[in-house]
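Undergrad: sharing a model that was predicted from the sequence below.
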Amino acid sequence: MKNFDRIDGKNILPELLKEKAVVGSSIIDDIILASSNKLREYLSIHKSVLIRGHIKKCVTRKDPTLDNYCADLLLRTCYEPISDVPAFEEHLIRDSETVLSSELNPRLHGAILIGIGGQSANPDFAAVYDEHDMKGTRILDSATQVIIEKHLKKMIGVEELNKINPLIKTINIRDSSGGTHYDALNSFTKNLHYAQFKQPGFVVENLGSMEKIYH
């Protein structure tokens, strides 16, 4: 891999990534950084319109779909480039989604919620991107669409948005209507139970035995 300063990770491009990562660097983190940086370039997002600040942690439900992952990527893309990758955690929801109490879900405190939290009045979340309102009514087709409406449409024009519309349309249809075939990308993503995050408290279910493994 080309030798580069980890602090300058915001300039990583896909062609710089090789099989072996730099010591102290995660190849997964580098791919995520490269993806959001390349997407900013692909969509011609001007630096002046990017959201200033830093995402500390994004949280979604356990076994997320393609919608949750895409929403997370688009949200990161809407922020100014950074040299590290904020945590993206999957959590089992304790208590009801209409409550999401901080007492029973302490690791959600201060996090950005993706695909959950829209039915809760808990003020302890940094932000909530959920396609459901507090009554549980679907207000948009997907969490991805929520981020597009709230941020991306203010940053790019129709021509740029059309570049990713085929993917967004697929996500919206599958997320709002269901009925996804078992080998569709959406189902394939959701069934990757074997991909184990290193975040404490993450729970992995083995598809064969359905045995819970706690980290």
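TA: Arrived safely.

Undergrad: domain map for the protein?
TA: The record's domain split for the chain, according to automatic domain parsing, is 1-42, 47-192.

Undergrad: output those as TSV; include the columns mean pLDDT and mean neighbour count.
TA: From N, CA and C alone the C-beta is placed, and that goes for glycine too. As requested, those are arranged in TSV below (pLDDT from 0 to 100; neighbours: other C-beta atoms under 10 Å):
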stretch	mean pLDDT	mean neighbour count
domain 1-42	67	14
domain 47-192	87	17
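
Undergrad: need the contact list for the closest residue to residue 53 other than its chain neighbours.
TA: Distance criterion C-beta to C-beta, 6 or more residues apart in numbering; nearest residue to residue 53, sequence neighbours excluded, is residue 79 at 6.7 Å. Each residue near residue 79 by C-beta atoms under 8 Å, 6 or more residues apart in numbering is listed here: 50, 51, 52, 53, 54, 55.

Undergrad: just grab the bridge partners of residue 79 for me.
TA: Counting by DSSP bridges, residue 79 forms beta bridges with residue 51.

Undergrad: state the distance from it to residue 154.
TA: 13 Å (C-beta to C-beta, to the nearest Å).

Undergrad: residue 147: which element?
TA: Here residue 147 sits within helix 143-150, counting by DSSP states H and E.

Undergrad: which elements pack onto that helix?
TA: Applying 3 or more C-beta pairs under 8 Å, 6 or more residues apart in numbering; DSSP states H and E, we find helix 143-150 packed against helix 66-78, strand 127-129, helix 165-177.

Undergrad: hey, C-alpha coordinates of the last one in CSV?
TA: Backbone C-alpha positions of helix 165-177 (Å, rounded to 0.1, in the frame of the first residue of the first chain) are rendered in CSV as follows:
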residue,chain,number,x,y,z
ASN,A,165,-31.6,7.7,-7.9
PRO,A,166,-31.7,4.0,-9.2
LEU,A,167,-30.1,2.8,-5.9
ILE,A,168,-32.3,5.1,-3.8
LYS,A,169,-35.5,4.0,-5.7
THR,A,170,-34.6,0.3,-4.9
ILE,A,171,-34.0,1.1,-1.3
ASN,A,172,-37.2,3.0,-0.9
ILE,A,173,-39.4,0.3,-2.6
ARG,A,174,-37.8,-2.5,-0.6
ASP,A,175,-37.9,-0.7,2.7
SER,A,176,-41.4,0.6,2.5
SER,A,177,-43.0,-2.4,0.7
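
Undergrad: could I get the full set of helices for this structure?
TA: 27-42, 66-78, 143-150, 158-162, 165-177, 185-190 (DSSP state H).

Undergrad: now these as JSON lines including distance to residue 137?
TA: Below are the helices of the chain laid out as JSON lines (distance: least, C-beta to C-beta, whole Å):
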{"stretch": "helix 27-42", "distance to residue 137": "31"}
{"stretch": "helix 66-78", "distance to residue 137": "18"}
{"stretch": "helix 143-150", "distance to residue 137": "14"}
{"stretch": "helix 158-162", "distance to residue 137": "25"}
{"stretch": "helix 165-177", "distance to residue 137": "12"}
{"stretch": "helix 185-190", "distance to residue 137": "22"}
